Structures are given as C-alpha cells and as structure tokens.
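*Asks:* I need the structure of the sequence given here:
(2 chains, ligands or ions: 1)
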Amino acid sequence: MTDTKNTPPFIAEYSTHPDFNAMSDVTFRSLVKNFVEKNYPDIPRFVQHRLSWLEVRPWYGILARAGWIAPTWPQKLGGMGLNAGKQLILIEEFERFGCGRVHDIGTAMLGPMLMQYGTKEQQDYYLPRILHGEDIWAQGYSEPDAGSDLASLRTEAIIEGDEWVINGQKTWATLGADANMIFILARTDKSVKKQAGISFLLVPMDCKGITVRPIENIEGHSELCEVFFDNVRIPLDHIVGDANNGWTMAKALLGHERVFIGAPRLSANALTRLENLARDNGLWPDPVFRDRFASLAMDLEDLTDLFETYLERLKNGEPIGAEVGVLKIFQSELYQRISEELMQISGSLAGIKKGDDNDLKHDASGTYLAARPTTIFGGSTEVMRNVLARVSLELPKQ
Amino acid sequence: MKNEIEDWEENVQMLTDSIGAVVPPDGSVSRVRKARHVGAGFDTNIWHTMAEMGWLAITLDETCGGLGLGLREATALLKGLGKGLTPEPITPAIMALRLMADAGEKILIDEALSGEKIILAAWQATPDSVDPSAGVSIKDALLYGKKISIEGGLAAHAFVVTTPHGICIVPKDSKGLTIKSTPMHDGTFTTQLIFEGVKTSSLACTNMERSLFEAQLMHCAYLLGVSERAFEITLAYLRLRKQFGVAIGSFQALQHRSTEIKIQLELARASIAAAAGAIDTGKSHRHCQMNAHRASTRVKMLTRLVAREAVQMHGAIGYTDEADIGLYVRKAMTSVGLYGPEYRLRENYMALREIQV
Ligand SMILES: Cc1cc2nc3c(=O)[nH]c(=O)nc-3n(C[C@H](O)[C@H](O)[C@H](O)COP(=O)(O)OP(=O)(O)OC[C@H]3O[C@@H](n4cnc5c(N)ncnc54)[C@H](O)[C@@H]3O)c2cc1C
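*Replies:* This next block holds a predicted model:
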C-alpha cells in the first residue's frame, strides 16, 4: 500500500529517525505539531468514533511512510521508540489538530505479541505488513456466551490433513468489516481443562466460509462485527506458539491491550477537550470548575508517571502480569470521569449528536459514549479487580 | 385536610392507570425506537391523544380550562411517561400554558389544550443557565436575542418566550425569527431561536420563576421514570445473563453497586415527593424553589449513575443500538442536562439558602 519511492519530500523529511526521547519536550512538540499541520490529509477531524478504512487510509499511509505509525515499537523494528512523556506529547498534538484514529489493533496488540512469541518468519512477514498498512487486523476473542468468561469459548478448530478447519462464531470484533486479517482463539482440545485446550490462530478474512455481519453500536456506527466461521480452512502454520498453548499468547496479547488502554492517551484527549470547551463557554475562570478540573488534571499527570514506570518495566523485560490492572482500571475510569465532566458543563446541549451539519468540536456526547466500553473491553473493570485482589493482593478466593 | 390527601392520591392512581394509552404496559419501546429522528422526533397523533386525555391541562387552573391538579399528580404523570421514554415535549407545553394563563392569554390556551397547536416555552439562554429572563431584550416593541434547548421545537406552532419584562408569544413564522434544530442522541431534536427584531407585544407575567421550577420538577420526575425503568431492565439482565456458570447478578461486586442505585433511587423519590408536596401545600416560594433544585440535583445524579451502571453491567450488548437499554442510556444522556446542570442548581441553592427570611 505504501509507496516509498514516491514519498513526497515533506514526509521524507521526517522519516530519518533521530532519538526522539533525547529531544527536549519543546522541540519534540513543535516537530509533531509541524508534522501534523503539514501532512494531515483532507479527511474528517475531531471525530470520536473510528473512521472507516476508506476514510483513514490516506492518514495511515502518511504515518506509515514517515515511520510514525507505531510510536511505541522499538526503532529497530520500524517504530518511533517513544517513552511515555513523548507519547503523551504526540497524543496531545494529534488531538489538538483533531486527527482521526488509525486502525491500530496490529500496532498496539498483535505486533507486540508477535515480537514476544512469533517465530522469526512470522515476525519478518507480519510486522512490516502492519507497518505498511498491508494488513489490517481484527481481534476474534469474544463469543456470545464467552465474554468475561473468555476461556469458555466454543469456536473450534480441528486438523484435517495440512489444514486447520474452523467452525463457530466470534462477536464484537472491532473493525471486523475493514480487516483483512483476524486473530482468533479456538478450542483445539475439548478433553482438557478449559484454558489448556485453546490455540491462537491467524486467519485471512477472505477465506471461504467466513461471513461478517456488522452490528450497529449505540452511536449509530458499525465498527463492531459478528464473524461466522463455517468450515474455514487455513494452513497449519497459521498458528502462534504451539497448539493448545494459545492461552499464554491470549493473555500476553491482552497484556499489551491493557497497557494500550492504560496509556494516558484517551484521558489526555478528553482533558484537552474539556479545557477547550471550558475556555469557549466561559467556565474556565470559574473557581468551582477549576477545582474539579485540577483534580482531573492531577489524576492524568499521576497516571502518566505511573505509565512511565510500567514502560520501564516492559523495556527491561520484566513481566507485568496482573498489575497491569492498576493502569487499565485507573485510566479507563479517569477517561469516564473526564467525559462526564464534559457532559456536565455542556448542560442542556450535552446530547447533541455530531453530524455533518454541525461542527461539534468538543463532542461531549461522542466522548462520553466512546469512554463507556473502555471499562468493558480488554477485560472488564470488575474482572480485573477480581484478578488484582486474588493475584496481586493474595486475598482468598470466594 | 384528610379529604385533600385522599383526593390527590386518587388522582395519581387514575393518572397512572391512564398512562397506558401512550406507554405500553408491557414495557415495549418499539414506537419510540421507530420515531427517532423521524419528522419532528415525535408523533403528533400521540400529541392529540395526550391533549384529549387532559394531560396538557394538568396543572392549569380550572378557570382557564385546566384540571387544576397539583405537582404531585403532574410528577406522577411525567414519571410514567419517562418510563416509556415518551419523546413528546409535554413539560415545555405545560410550562407554556402556565405562563400564558398568568399573562391572561385565553385564545391560544384553548388552541393549545385541544392539541390543535403545539405551543412551547422558550426560557433558556445558555446551556447552563437557569434564569428565565436572560438571553433576550426588547427595544421599541422588537425582540432581540436568543433562546436555546427547546425540546420538540421542530413541530411547534408558537413559542412562549420569557423576557426581563414578562412573556412574548412568538409564532414560528414570525419575521426576524430564525429557528434551528439539531439532532440529539435520543432521536429528538433540540431547537434554538434567534430573534433579530421580531415584532411582538410583551405580556406581564408574575410566575416565570415559579413555572420554571415546576417544569424543572416535572422534568426530574421524567428522569426518575427513565432511571427506574433502566434499573429494572438492568436487574432483569443481571438475573438472566450467565458467565462462569452462574448468573452475573450473583457477583457481590455487582450486588453492592445495584444496592447503591437502590439507595439513590429511594432518596430521589423522597426528594421529589417532598418538593411536589411543598408546592401543592403552598409553602413559600423560596422553600419550593430550594426543594426543586435539591430534587433535581438528586435525580440528575441518579440518572447519571444509572446510565453509567446500565452500560457497564450489560457489557458489550449495552453498547449496541439493538438493545433497549441503549435507548434509556441515550435518553438519560440527552435529558439529564436540561433545566440546569447540577453545579448550577447547587449554586442557586446556596444563594437561596443565604437569603434571610
Ligand atoms: C466497543 C467494544 C469493542 C470490543 N471489541 C472487541 C474485539 O475487537 N474483539 C473481541 O474479541 N472482543 C471485543 N469486545 C468484547 C469485550 O471483550 C467483551 O465485551 C468483554 O469481554 C465483556 O464480555 P461481555 O460483553 O459478554 O459481558 P459479560 O461478561 O456478560 O459481563 C457483563 C457484566 O458482568 C460483569 N461480570 C462478569 N463476570 C464478573 C465477575 N466474575 N465478577 C464481577 N462482575 C462480573 C462484567 O464486568 C460486566 O459488567 C468489545 C466490546 C466492546 C463494548
């Protein structure tokens, strides 16, 4: 998809990667600001929902060509290698300009997991394809009866000759209609304990036997999909790790998902909106509002400091395990609290639906709705608290 | 006194029974689902039914053709309509009638009561204001300024605009009036009026503040209905949905949070009942206003809590358009900020509290 030969000079200018982390914050911020202002294509801005692939593709392409598509990946693998502070600056500047969110399941979840558990061949094949936007990934974990109780999943894969044959149903697959690849958890041994009979498979979405049905969400968008598998055949090597060992990969990937959700990005975006709205509607000098704002702003900065310690641990190869819940729970709940404050100060206009006919820059309702599922997906707050209590606090089981 | 109590209790019972004409007793919201963003965002046939039932006339004085009932009855009605997510803009219509009656406007009252004309109050100046006189001015019998957040305004024939001098009645096709309607997440539209020298005559009106806090209270009864029903739906789901081999309602984490809703719900019911009772038994203006602000604040906090928990406890299904709970969540999020956000109500409450009596 990305054509490096025809890279316009204004993008090429950015594609030699200095050590971003060594730059001063001021320098890095103006670099990002410049980059966005020069390069953001003519696509929607200031939208809370995910843009469709058709819409966001030009922006993905520009980021890919500049080598900016994977801010958190190490530079030697084609990322920017940013630390938490620099990530936040990048986020803030993207948000200030209202950049659309690019399809990021590959960069945020699958990529990091493959770096850990993929074979050399898988890494060499899939990672560049993610970086170039050749593969757009969806996540096929959940099923209608396997939500929080993920390990009870029933989608099944059996070996026939040199192929896996998959039957079953996944649901709530974000970007399922845009993706050309989906990673799934499938039951490959029914005779053992739930967690012990699961494999992690990589499935092209254009396989015969796959049907995708979009689900309209509460905002009227169809990012979520049901995916049906009817005798879908894939080669045996489309597996990460060993057969029946998929739970290890599943958890590792969830770990990356939780770090991603636990990053200050979403709360930072929302807080920027809150400040902008308060400045626009005259509430900014109000001492009562400022007290509430200060408390949210401090929460965000503390979260960023905490996030930095997690990144350090990851960089040093230390396992994070159940402790990732601390980050994920606090971030998602903070995001929701900020979004509720946005709603509160939007008063009687809080329910306005962003549409083509209104320039709803602060989009309180969109932020409110977008914040809801962050305490549900990637492990619900309740389930993560259960795990924290048992594993981290070593409290007895019920 | 005893008779009076029995009277209103009987009235409330009768009204509650009659709500079935508009809100299906089986809890179905398919009419409301289909009405979203169609036409004016509500159904004018249902509007006529409501007029026939006398609901618009509920708090209007009998001398003006009203039923002369109190806020206890009106809040019971609105709660019932809230349970069914009724999108018809009954509160601003009742408020408009109360204002017109005080100003001695007879003909339009009759047309409004019959359902022939939809006439709505336009009182709000900015998204968080609760001052009915703000936002507009009159110079040489011409009206200037802006009113916002009129529910159902897309279908209105005329607006009763509150001004620093009383009210102005502004027909929708008045010269110098611009009407702008924007879609809301619940499928209704919010309407904004811009007056650029609309020719008008100002009518003296003494009950502007009073009609506003009555409307506030009716609106929060509506929110209470929305919250009650959303909570019922959520409890039913907690009993039904199984994960880890058991109903999710058996998890203590969810039980404790459900009981928190129960606690807030009871507080809200008590607060609204007291506020309505204060008005109906003729308590002082300041007392009634403080009580209305307090009840509104409580109900709004409840509504926000229920909306939050309803999605969370439903998991992903609560985030779809298909599930009815999502309709309640969207109604909650669009309606909770009407008639003043909590911080403004608290501020007003404190100002009133300081007044020496
Ligand atoms: C916007 C969105 C995007 C998503 N994207 C994807 C995706 O791309 N791929 C994918 O595979 N899945 C995706 N999901 C699904 C998500 O992972 C599930 O929603 C999640 O695992 C919860 O499952 P559930 O929805 O079935 O809720 P349930 O498991 O039915 O839970 C309902 C409620 O019960 C609570 N609960 C459950 N168990 C316990 C317990 N033991 N103790 C206390 N409380 C409990 C839950 O916390 C929740 O509040 C997405 C979901 C949403 C909303």
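
*Asks:* going forward, measure contacts between C-alpha atoms and count neighbours the same way
*Replies:* OK.

*Asks:* how's chain A carved up into domains?
*Replies:* A:15-102, A:138-244, A:262-392 (automatic domain parsing).

*Asks:* Need the mean per-residue confidence for the longest one.
*Replies:* The one in question is domain A:262-392. Mean per-residue pLDDT for domain A:262-392: 92.

*Asks:* go on, the first one?
*Replies:* Confidence over domain A:15-102, taken as the mean pLDDT, stands at 90.

*Asks:* quick revisit: for the domains of chain A, please prepare TSV with the additional fields mean neighbour count and distance to residue B:66.
*Replies:* Formatted as TSV, the domains of chain A follow (neighbours: other CA atoms under 10 Å in any protein chain shown; distance: least, CA to CA, whole Å):
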stretch	mean neighbour count	distance to residue B:66
domain A:15-102	18	47
domain A:138-244	20	40
domain A:262-392	19	29
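
*Asks:* Could you dump these into JSON lines with distance to residue B:308 added?
*Replies:* Listed next are the domains of chain A as JSON lines, based on distance: least, CA to CA, whole Å:
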{"stretch": "domain A:15-102", "distance to residue B:308": "18"}
{"stretch": "domain A:138-244", "distance to residue B:308": "14"}
{"stretch": "domain A:262-392", "distance to residue B:308": "8"}
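
*Asks:* Which strand or helix spans residue 178?
*Replies:* Answering for chain A, as no chain was given. Counting by DSSP states H and E, no helix or strand carries residue A:178.

*Asks:* that's the wrong chain, I meant chain B
*Replies:* Going by DSSP H and E, residue B:178 is in strand B:177-183.

*Asks:* For that strand, name the packing helices and strands.
*Replies:* strand B:189-199 (3 or more CA pairs under 8 Å, 6 or more residues apart in numbering or on different chains; DSSP states H and E).

*Asks:* The strand holding residue B:178 pairs with which strands?
*Replies:* strand B:189-199 (antiparallel) (DSSP bridges).

*Asks:* Please list the outside residues in contact with the partner strand.
*Replies:* A:349, A:352, B:37, B:40-41, B:141-154, B:174-184 (CA atoms under 8 Å, 6 or more residues apart in numbering or on different chains).

*Asks:* My guess is residue B:212 contacts residue B:132. True?
*Replies:* Yes. Residue B:212 lies in contact with residue B:132 (CA atoms under 8 Å); the separation is 7.4 Å.

*Asks:* Neighbour count: the two, which is higher?
*Replies:* residue B:212 (25 against 22; other CA atoms under 10 Å in any protein chain shown).

*Asks:* For the ligand, which of the domains of chain A is the nearest?
*Replies:* Of all the domains of chain A, domain A:138-244 sits nearest to the ligand, with 3.2 Å by CA to the nearest ligand atom.

*Asks:* Tell me the pLDDT of residue 4.
*Replies:* I'll assume chain A. Residue A:4 is given a pLDDT of 45.

*Asks:* was after chain B, sorry
*Replies:* For residue B:4, the pLDDT comes out at 58.

*Asks:* same question, the one 10 residues further on
*Replies:* We note a pLDDT of 87 for residue B:14 in this prediction.

*Asks:* Past the helix or strand it falls within, which element shows up next along the chain?
*Replies:* Using DSSP H and E, residue B:14 sits in helix B:2-18. Remark: after helix B:2-18, the chain's next helix or strand is helix B:30-35, criterion DSSP H and E.

*Asks:* residues contacting residue B:169?
*Replies:* Residues near residue B:169 by CA under 8 Å, 6+ apart: B:158-161, B:200-202.

*Asks:* can you pull the contacts of residue A:239?
*Replies:* A:199-202.

*Asks:* sorry, back to before: now the strand holding residue B:178: average pLDDT?
*Replies:* 96.

*Asks:* Contacts for that strand, please.
*Replies:* For strand B:177-183, contacts defined as CA under 8 Å, 6+ apart pick out A:352-353, B:37, B:153-154, B:172, B:189-198.

*Asks:* On the strand side of things, show who residue 160 bridges to.
*Replies:* No chain in the question, so chain A it is. Here residue A:160, judged by DSSP bridges, has bridge partners residue A:163.

*Asks:* not what I meant, chain B
*Replies:* residue B:121, residue B:169.

*Asks:* Does it touch residue B:132 like I think?
*Replies:* No. Checked against CA under 8 Å, the pair residue B:160 and residue B:132 is beyond contact range at 11.3 Å.

*Asks:* Please identify every residue contacting each of the two.
*Replies:* residue B:123.

*Asks:* related to what we said a few turns ago, buried ones in the strand holding residue B:178, by neighbour count?
*Replies:* B:177, B:179, B:181-183 (16 or more other CA atoms under 10 Å in any protein chain shown).

*Asks:* now stretch B:162-179
*Replies:* Buried-residue list, stretch B:162-179, by 16+ other CA under 10 Å: B:162-164, B:166-170, B:172, B:177, B:179.

*Asks:* got the residues of chain B near chain A?
*Replies:* Proximity of chain B to chain A (CA under 8 Å from any CA of the partner chain) is limited to residues B:127-128, B:149, B:182-186, B:190, B:242-244, B:253, B:308, B:311-312, B:315-316, B:319-322, B:326, B:330, B:333-342.

*Asks:* Am I right that residue A:268 falls within a helix?
*Replies:* Yes. Counting by DSSP: H, G, I helix; E, B strand; the rest coil, residue A:268 is located in a helix.

*Asks:* Is the longest helix along chain A positioned near chain B?
*Replies:* Longest helix of chain A, by residue count under DSSP state H: helix A:287-315. No. If you take CA under 8 Å from any CA as the test, helix A:287-315 misses chain B, and the best it gets is 8.6 Å.

*Asks:* Which elements pack onto that helix?
*Replies:* Using 3+ CA pairs under 8 Å, 6+ apart: helix A:287-315 touches helix A:84-97, helix A:265-281, helix A:324-346.

*Asks:* In a markdown table, list those helices along with distance to the ligand.
*Replies:* Shown next, in a markdown table, are the helices and strands packed on helix A:287-315 (distance: least, CA to the nearest ligand atom, whole Å):
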| stretch | distance to the ligand |
| --- | --- |
| helix A:84-97 | 20 |
| helix A:265-281 | 14 |
| helix A:324-346 | 12 |
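
*Asks:* if you skip the residues just before and after it, what's nearest to the closest residue to chain B within the stretch 151-300 of chain A?
*Replies:* Going by CA to the nearest CA, chain B is nearest to residue A:217 of the stretch 151-300 of chain A, at 4.0 Å. Distance criterion CA to CA, 6 or more residues apart in numbering or on different chains; nearest residue to residue A:217, sequence neighbours excluded, is residue B:320 at 4.0 Å.

*Asks:* So the one you found versus the ligand, what's the distance?
*Replies:* 8 Å (CA to the nearest ligand atom, to the nearest Å).
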